[in-house]
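Peer 1: Need coordinates for the below:
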Amino acid sequence: MNIRSRIASRLLAGLAIATLGVVGVASAANAAGAPGQPDGQTTGTLTVHKYVGVDGAFTGDGSPVTISGKSPLAGVVFTAYPITSRDLTTQAAWNGLTSLVPVCTPTPGVAGETLGAGTEIGPTNASGSASATLSVGAYLVCETSTPANVTQRSAPFIVTVPMNNGETGWRYDVHAYPKNLLEEGETEKTVDDSTAVIEGDEVAWSVSSKFQNAPVTSFVMTDVLDSRLEYVTGSIAVTATMPDGSTQDVTGLFTTTLDPGTNTLTASANDPAGLAALNGLPAGYMLTFVFDTKVLATGIIENLATVGGVDTNTVDTRWGDIEVTKKDADTGALLGGAEFAVYAGACPVADDATVIETITTENGIATSSALKEGVYCLVETKAPAGYVDPTYTQTVNIVAGEEGSRFEIEVENAKQEVPGLPITGSTGMTAMMLGGGALVVLGGVIAGAAARKRRASHEAQSVNS
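Peer 2: Below is the predicted model of the structure:
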């Protein structure tokens, strides 16, 4: 191999199809079947494989490869335009191929080069592939026709027929895997618990799948709900948002089920009519699923969903509760019958504030329902019988935690004062004794007077007789 051939070989080994395309490399080695050789082929085939979202880091070398985890895209047409100013049967034509800048819009072209009439390749079949026979040469390949719901086309790329196949010579059956530039499968989950306060209130969850661009043969949203959440039957709504901001209610295209054993909510579009309707939406639409759940217990309640086979981010709603222990201030005995009112917001509360919940101690303990993380005011409204009127108020800041979400409070009550009992020797008793003595003396005086009167009467009768 001469020096010029070795230099050309190094140059051609780095040949790349333009940014975001596939790489095509070739060399001018004197191998059997090489361009310009007496036994060289004059034609070859270019097979384009179209997938949704091929990794941007992927580059091909012209050989067939297996693409996993990506959906093939049918109905796409490519056009290969020969770069007629490059005759690959000459060595000089191979120089500088790596620095060419291809464009497809508004008009296909390569700076400083001339193009011939294009050859259509496609449309791609159900496996996402299409082939065409091409003469030996360099080509600009553009994606020229796509299904209606594809928003962006693949980047333009340059390929040569044939391509360097290493020790085996030249590859005349070239395979290209152009990258799809779409943000296919981008998902997002949000939660709205702004109107929820107490256990049983509803929390709204939103699951979005952005920019569904490829025709879908099945579309499923799955959400495994935490056991502390209860799906509100019939609350799901599905909206398609178009690129221009307009919306369309597509709830009817989905079948919704709930598996009570696993608390799994599923919304799926599998029937032909529903899928046809989705695939007929304008390119670049976004699906959003919104549904409600009731909160049943405390803690950090996390949730994510899987939509279109892609997991969303994780979001949460946070809940705790209040536990009050009521005790006798003197003995520490637990007291039942004390009542407390719970208000939203810090103390003091307005006169017209709404009571969220009233809790009563039983065996000395009162526990609130689950309350959304935040600030509350606890006011004692009724003391146990025999204890002083309630005056207790407390601002409570509920913070949900992994190990505990309960705000614990201990409240003491003093006993009511009662009237004292009379004591012997007191002023009252002396007065009673003095009063009694007077009555005895008075009785004696009266009795003595009566006796004297009887004696006088008796003596008078004796004299008369």
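Peer 1: Regarding the protein, what is its longest strand?
Peer 2: Among the segments of the chain that qualify as a strand by DSSP state E, the longest is strand 315-328.
Peer 1: Who are the packing partners of it?
Peer 2: strand 186-192, strand 299-303, strand 365-367, strand 371-372, strand 374-382, strand 393-398, strand 406-413 (3 or more Cβ pairs under 8 Å, 6 or more residues apart in numbering; DSSP states H and E). Using the backbone N, CA and C atoms, a C-beta is placed for each residue, glycine as well.
Peer 1: from the ones you listed, which stretch is densest packed?
Peer 2: Highest mean neighbour count among the helices and strands packed on strand 315-328 (mean count of other Cβ atoms under 10 Å): strand 371-372, with a mean of 25.
Peer 1: Would you mind listing the outside residues contacting that strand?
Peer 2: Where contact means Cβ atoms under 8 Å, 6 or more residues apart in numbering, the residues beyond strand 371-372 that reach it are 193, 196-199, 201, 295, 317-322, 342, 356, 398.
Peer 1: Show the buried residues in those.
Peer 2: 193, 196-199, 201, 295, 317-322, 342, 356, 398 (16 or more other Cβ atoms under 10 Å).
Peer 1: From those, pick the one nearest Ala176.
Peer 2: The closest of these to Ala176 turns out to be Thr317 (Cβ to Cβ; 48.3 Å).
Peer 1: Confirm Glu230 sits in a helix?
Peer 2: No - looking at Glu230 with DSSP: H, G, I helix; E, B strand; the rest coil, it is strand, so not inside a helix.
Peer 1: Bridged to it, which residues?
Peer 2: Per DSSP bridges, the residues bridged to Glu230 are Lys294.
Peer 1: Comparing the helices and strands packed on strand 315-328, which yields the minimum mean pLDDT?
Peer 2: Lowest mean pLDDT of these: strand 186-192, a mean of 86.
Peer 1: Show me what that strand is packed up against.
Peer 2: Secondary-structure packing of strand 186-192 (3+ Cβ pairs under 8 Å, 6+ apart): strand 202-210, strand 310-311, strand 315-328.
Peer 1: For the ones you listed, which has the smallest mean pLDDT value?
Peer 2: strand 310-311 has the lowest average pLDDT among the helices and strands packed on strand 186-192, namely a mean of 84.
Peer 1: Give me the below-cutoff pLDDT ranges for the stretch 351-465 of the chain.
Peer 2: 423-465 (pLDDT under 70).
Peer 1: wait, what's in contact with the residue nearest to Phe219 when sequence neighbours are not counted?
Peer 2: Excluding the flanking residues, the one nearest Phe219 by Cβ to Cβ, 6 or more residues apart in numbering is Ala269, at 4.6 Å. Each residue near Ala269 by Cβ under 8 Å, 6+ apart is listed here: 216, 218-220, 253-255, 275, 278.
Peer 1: does the most centrally placed residue in the chain have beta-bridge partners, and which?
Peer 2: Ranked by distance to the mean C-alpha position of the chain (Cα atoms, centre = their mean), the top residue is Lys189 at 3.2 Å. When bridges are called by DSSP bridges, Lys189 pairs up with Val207.
Peer 1: in the stretch 1-150 of the chain, which spans are helices?
Peer 2: Ranges of helices in the stretch 1-150 of the chain, per DSSP state H, counting those that start in this stretch, are 3-13.
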